[in-house]
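Chemist: Quick one, structure for this:
(one chain, ligands or ions: 1)
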Amino acid sequence: MQDFDAIVIGAGAAGLFCAGVAAQRGLSVLLIDHSAKLAEKIRISGGGRCNFTNRELDPATPQQHFIGQNPHFCRSALARYTPGDFIELVRRHGIPHHEKHKGQLFCDRSAEDIIEMLVAECGGGASGGSVLRWMACAVKAVRHSDAGYEVDTDNGLARARQLVVATGALSIPKIGATDFGFRLAKQFGLRLVEPRPGLVPLTFDGAGWAPFAGLAGLALPVRVSTGSGKARTAFLEDLLFTHRGLSGPAILQISSYWQEGTPIAVDLAPGTDLAGLLAQAKQSGSRKKAINELTAWMPSRLAEAWSANDPALQRPIVEAPDKALSSLAQRIARWELTPNGSEGYRKAEVTVGGVDTRDLSSQTMEARAQPGLFFIGEVVDVTGWLGGYNFQWAWASAHACGQAL
Ligand code: FDA
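Modeler: So this is what the prediction gives:
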């Protein structure tokens, strides 16, 4: 039996960072991961350049960028460890980075830079703290007694007064995602919010999608929305047609809000008064077909797909009935369609849902009814938007926990 101050299970974004924070406070930490590779999700994130945070994150209004049963839960941790704090750390380690659109920060070279930085932070410095890593080491069982948490692993038994669960959630099983964190939460009596894939491409039934399958590869800026009334959510982003459905940032974002069986609405020409423009073209006596007029405002393949089936639109626009033109404009501005599902955890960047935040302290991430047991990162029911928000939650929740150990 080996004794430590804290055991962290999961050496991903949250686990690695938390272990480093704790070691710098002088603690002896054991960091365990069943995978042989460290922080594989960081490595593949942001197209290999890791979108590590977002400058637009405002901790005072977390509900703007985070989803969860209680979107205010993440406020305290995000306010105490901000994007500015992480950017400062990145600067201290001399990692070149740049801002893309909408406040997203990426490494110039590679996501490896972030992993190396997190490993270096695990050094403990002058504090006397340390992080021992057991990698490619499965956890067989966790028991709790007066002596603390006993973790039974491939490398033998380890014990600590404090146990941190940073095993992420269900997205991308191919690189090591498991439901371990959810099972452990249940074992200790914590509630779970039903998990589902988030930031994921949406799919449509084969026959219904056939007319659009030929558009695969086409990308364009759209406004996409779902939900009704006050709960309606919309994003202005790029959409990508795929062979099985829709993807691109607009769809990934809306997928986290989409409820099965409900429609999404897509405006394929946002900010353009198509009805007015088509009416103007007709008034000017244009002898071009509607499809040719449309190509001034949208990709020609899309214009073709939306006007090809209406014989009234195959004539010069000056001869096209007003009704056919306004109906065309309406169909383009409000394309309503109901996905039959999503590409699932195989392709989802995150898991929506997870350990119920009612059972955790928002100050420390400790289980309210199970002293010494902490949950951080994606395993918790806090899901960020695309754009660096999920990593910032991993850093902030890890920091809150690491300070409390
Ligand atoms: P994470 O999944 O990083 O780590 C969990 C660790 O626990 C893993 O190392 C795993 O092997 C280990 N583990 C799991 N089960 C275990 C078990 N039973 N025993 C022992 N160990 C176990 N976010 C963002 O902000 N910007 C971005 O650019 C991207 N890009 C991106 C791309 C892709 C393709 C994906 C899939 C995801 C993203 N994300 C992202 C999301 C981001 O990667 C995610 O939110 C964080 O990695 C979550 O950090 P965690 O540490 O909670 O889990």
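
Chemist: residue ranges with poor pLDDT in this protein?
Modeler: Counting by pLDDT under 70, the chain shows no low-confidence range.

Chemist: Secondary structure element holding the residue lying farthest from the centre of it?
Modeler: In the chain, residue 285 marks the outermost C-alpha relative to the chain mean, sitting 49.4 Å out by C-alpha atoms, centre = their mean. Under DSSP states H and E, no helix or strand contains residue 285.

Chemist: Not counting its neighbours along the chain, what's nearest it?
Modeler: Counting by C-beta to C-beta, 6 or more residues apart in numbering, residue 285 lies nearest to residue 318, which is 5.1 Å off, once chain neighbours are set aside. C-beta: built from backbone N, CA, C; applies to glycine.

Chemist: Walk me through the domains of the protein.
Modeler: Split into domains by the TED database, the chain comes to 2-195+347-404, 201-343.

Chemist: how about the first one, does it get close to the ligand?
Modeler: Yes: against the ligand, domain 2-195+347-404 shows contacts by C-beta under 6 Å from any ligand atom at 9-15, 32-35, 41, 44-46, 50-51, 139, 166-168, 171-172, 176, 178, 180, 349-350, 377-378, 388-391, 394.

Chemist: Now, of these, which are buried?
Modeler: 9-15, 32-35, 41, 45-46, 50-51, 139, 166-168, 171-172, 176, 178, 180, 349-350, 377-378, 388-391, 394 (16 or more other C-beta atoms under 10 Å).

Chemist: so where do the strands sit in the stretch 251-400 of the chain?
Modeler: Remark: strands assigned in the stretch 251-400 of the chain by DSSP state E, counting those that start in this stretch are 264-267, 335-337, 341-342, 350-355, 373-375, 383-384.

Chemist: can you give me phi and psi for the residue in the stretch 1-150 of the chain that the ligand sits nearest to?
Modeler: Relative to the ligand, the nearest point of the stretch 1-150 of the chain is residue 12 (1.8 Å; C-beta to the nearest ligand atom). Note on residue 12: its backbone torsions stand at phi -100, psi -150 [degrees, to the nearest 10].

Chemist: Dihedrals phi and psi, residue 203?
Modeler: Main-chain dihedrals, residue 203, degrees, to the nearest 10: phi -120, psi 160.

Chemist: Please give me every residue in contact with the closest residue to it other than its chain neighbours.
Modeler: Once flanking residues are discounted, residue 203 sits nearest to residue 245: 4.0 Å by C-beta to C-beta, 6+ apart. Residues near residue 245 by C-beta atoms under 8 Å, 6 or more residues apart in numbering: 201-204, 209, 339, 343.

Chemist: Could you identify the most distant pair in the residues you listed?
Modeler: Of all pairs drawn from these, the greatest distance, 13.5 Å, lies between 209 and 343 (C-beta to C-beta).

Chemist: The residue nearest to residue 285 and residue 325, how far apart?
Modeler: 11 Å (C-beta to C-beta, to the nearest Å).

Chemist: Which neighbours do these two have in common?
Modeler: Between them, residue 318 and residue 325 share these contacting residues under C-beta under 8 Å, 6+ apart: residue 282.

Chemist: Tell me the gap between stretch 282-290 and the middle of its chain.
Modeler: Put simply, stretch 282-290 sits 45 Å off its chain's centre (C-alpha atoms, centre = their mean, to the nearest Å).

Chemist: Just the CA coordinates for it, please, in PDB.
Modeler: The C-alpha trace of stretch 282-290 is given here as PDB (Å, rounded to 0.1, in the frame of the first residue of the first chain):
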ATOM      1  CA  LYS A 282     -38.400  41.000 -61.400                       C
ATOM      2  CA  GLN A 283     -39.400  44.700 -61.400                       C
ATOM      3  CA  SER A 284     -36.200  45.500 -63.300                       C
ATOM      4  CA  GLY A 285     -37.400  43.200 -66.100                       C
ATOM      5  CA  SER A 286     -34.500  40.700 -65.700                       C
ATOM      6  CA  ARG A 287     -34.700  37.700 -68.000                       C
ATOM      7  CA  LYS A 288     -32.300  35.700 -65.900                       C
ATOM      8  CA  LYS A 289     -33.800  32.600 -64.200                       C
ATOM      9  CA  ALA A 290     -34.400  32.900 -60.400                       C
END
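
Chemist: Please determine how far residue 176 is located from residue 134.
Modeler: If you measure residue 176 against residue 134 using C-beta to C-beta, the figure is 15 Å.

Chemist: now swap in residue 170 and tell me
Modeler: Distance, residue 170 to residue 134, using C-beta to C-beta: 23 Å.
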